[in-house]
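# Need a 3D model of the sequence below.
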Amino acid sequence: MTFGQTIGVGMARKAATEARTSIYRLTKLAALDEALQEKYRKGLSFDLVDVTVGDRPALLVTGSTPEKGVSWGPILAGLSNEEIDLTNATAAAVLVIAASAAPSLPARTKPKFKVRFVDEADIPEADGAIDRAPGVDLANTEILSGDVWALTYGMGFQLLDQGKIDNGFGQRVAIRSADPKDLNSITRVTLDERSRVERSSIPAGAHLRGFGVGDLGELVTRLVASARVRGLSSGSKPIKIRGADALSIPLSKSPELLIADLDAIGDLLDKEPASEELGLLEQLVLIKDESLEADLDRRLLEAIRVKDSPLLALSWPHERIDENGTPSAFKITGIGRSGVRDDLPVLSDVADPIRAFEEAKQREQLDRLGVILFKDEAGEEPISPKIPVRKWLSFQTDLEGRRFCLHDGRWYAMDKPYADQVRARTKSIFDQGPGVENLPDWPAGTSEAEYNEILASELNGLCLDRKLMRSSFHKHGIEPCDVLLSDGTYIHVKSIESSAPASHLLAQALVSVEVLTFDQLAQKDFRAKVKAGGWDPSKFSRKPKKVVLLIARKDKSIGPDSLFTFTQVNLARQVSQLGAQGVDVFIAPVARIS
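Numbers count the residues shown, from 1 in each chain. You can find the predicted model right below:
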């Protein structure tokens, strides 16, 4: 035997026994086919076949969309003066597997198909992954519960009924199996009206602390990490998992071992998080009580009926889209002939259609109406399934002494330690005092611009309200502040009636500090504004050292507990960020008399 033969030169590579698979968990199903959107149950361009996987009843769905010309064909033809004859068809498959083999759930809501032989080409991934059941009608086969696994292939995720998906299932698995010292990527959503999403990646792996996770108002929605799942067919070796709503994980190609893998994943959901630190990522508790959900939905609809409700905002279901592309257009479904609209939806786009229905029918519209996002402006290349309107709304309300938040279509109760932490940090900011003495009350009938003039006069300050300074990134200008004091205090003023204006005030202060610190054009323009006001600009350093956020609310006193949770979270975050830049921040509540 030669050396080359010894190390296997020319020998066939050993076939992998596992394949990376995307898994969804769906709950509260009356039949296996309820995992699919209704239009796909009817077999339009898709075959539904009853099969068995190991000892489990299952449903195999395969097919593709009809071929059609590519949307960019006419554009390319016009540019090149050549005929473009190209078409696309999108392939998709879903394998729906019962969570248990014991009887109770039918395979079909309305059985219409008999079991037939399955060609190997219909079976995703590996040969022999599914045991065929020729001549057996499984239409009335029953299983233990209303929970199923859905393994998706190609664009199969588009076939699933989004209302039945167990949100955050993959993330919960990751939290219970990941190595907290070997995380690769974390996606977190900031719970304010902007629904800001940040994805941080460290390919080499790092501790959870290295990602800076743990700030107030952050909900982790996706986790990529090395993990160990006990009972998995791949053994005890570390594997890479990606967890969001779906779980991406290597699974066995053997039907029997695949079922064992799924059971191991299901058992993991009943265990505690892998570490106390990872457990902190579950600072919001998912509500599963149907009667409580109904009460919270009623509160939500009351807010929708009131335009400009301060506690209602547009959310952004990023993990529904994941990495399928950047949207350029959208369409509202369920309201008759609705065309494709350019750009991205705003709050009124999703709230107005609900208001158009009579109140008795509004709740069902939260899940019936939907939004589809498209990669192209013509609306021919979808990059998302139909996303129910409910998942586009962010809302908070108090009920029976607890605070609840709607995020990604699901209701969460704030964990008490978390809620206490939000209040404590907000209170500590207020306890520092206003930072300025002898602040005047806000007189009745006085606009914000008029109050700024009064404030400047009372404090011998310089009113810079609406005196915009240009910067390299703000060509239309931004305010350095509303009132500048001679000791270098920058006062920002806002009458607060909702989270939106409060967040605008906080953002204004943050942006002002940043541009005055780093932007030479802004610094030059600021000095010109100060000089035009009759002051010596040389007395002011480039970076503000002290910022006062003056807030007022009509007929109400403002304190830590009177601010909306979104505002409290945003306040704590902004103050922390400004403090890291060496800027002292103070909150100055004043009375606004009606």
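
# Let's see the longest strand belonging to the chain as CSV, backbone CA atoms only.
If you go by DSSP state E, the chain has its longest strand at strand 178-190. Extracted in CSV, the C-alpha atoms of strand 178-190 (Å, rounded to 0.1, in the frame of the first residue of the first chain):
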residue,chain,number,x,y,z
ALA,A,178,-25.6,27.0,24.0
ASP,A,179,-22.2,27.5,25.5
PRO,A,180,-22.3,31.0,27.0
LYS,A,181,-18.5,31.3,26.3
ASP,A,182,-18.8,30.4,22.6
LEU,A,183,-21.5,32.6,21.1
ASN,A,184,-21.1,33.7,17.5
SER,A,185,-24.0,36.0,16.7
ILE,A,186,-26.9,37.7,18.6
THR,A,187,-29.8,39.7,17.2
ARG,A,188,-31.6,42.0,19.6
VAL,A,189,-34.6,44.2,19.3
THR,A,190,-34.9,47.5,21.1
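
# Please name every helix or strand in contact with it.
Applying 3 or more C-beta pairs under 8 Å, 6 or more residues apart in numbering; DSSP states H and E, we find strand 178-190 packed against strand 197-206, strand 218-227, helix 276-279, helix 318-321. Using the backbone N, CA and C atoms, a C-beta is placed for each residue, glycine as well.

# Would you mark the buried spots in it?
Within strand 178-190, the residues that qualify as buried are Ala178, Asp179, Pro180, Asp182, Leu183, Asn184, Ser185, Ile186, Thr187, Arg188, Val189, Thr190, counting by 16 or more other C-beta atoms under 10 Å.

# Dump those residues into JSON lines; add pLDDT and distance to Ala274 as well.
Below are the buried residues of strand 178-190 laid out as JSON lines (pLDDT from 0 to 100; distance: C-beta to C-beta, whole Å):
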{"residue": "Ala178", "pLDDT": "87", "distance to Ala274": "6"}
{"residue": "Asp179", "pLDDT": "86", "distance to Ala274": "7"}
{"residue": "Pro180", "pLDDT": "83", "distance to Ala274": "7"}
{"residue": "Asp182", "pLDDT": "85", "distance to Ala274": "11"}
{"residue": "Leu183", "pLDDT": "84", "distance to Ala274": "11"}
{"residue": "Asn184", "pLDDT": "85", "distance to Ala274": "15"}
{"residue": "Ser185", "pLDDT": "85", "distance to Ala274": "17"}
{"residue": "Ile186", "pLDDT": "79", "distance to Ala274": "15"}
{"residue": "Thr187", "pLDDT": "79", "distance to Ala274": "18"}
{"residue": "Arg188", "pLDDT": "73", "distance to Ala274": "18"}
{"residue": "Val189", "pLDDT": "68", "distance to Ala274": "22"}
{"residue": "Thr190", "pLDDT": "61", "distance to Ala274": "25"}
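
# how about the helices and strands packed on strand 178-190, which one is nearest Leu36?
Of all these, helix 318-321 sits nearest to Leu36, with 16.6 Å by C-beta to C-beta.

# how distant is the helix or strand following the closest one from the center of its chain?
Toward the C-terminal end, the helix or strand that comes next after helix 318-321 (DSSP states H and E) is strand 329-333. Relative to the chain's own centre, strand 329-333 is displaced by 18 Å; criterion: C-alpha atoms, centre = their mean, to the nearest Å.

# Given the next helix or strand along the chain from strand 329-333, what are its sheet partners and their directions?
Going down the chain from strand 329-333, the next helix or strand is strand 341-342, by DSSP H and E. Neighbouring strands of strand 341-342 in its sheet, by DSSP bridges, are strand 329-333 (antiparallel).
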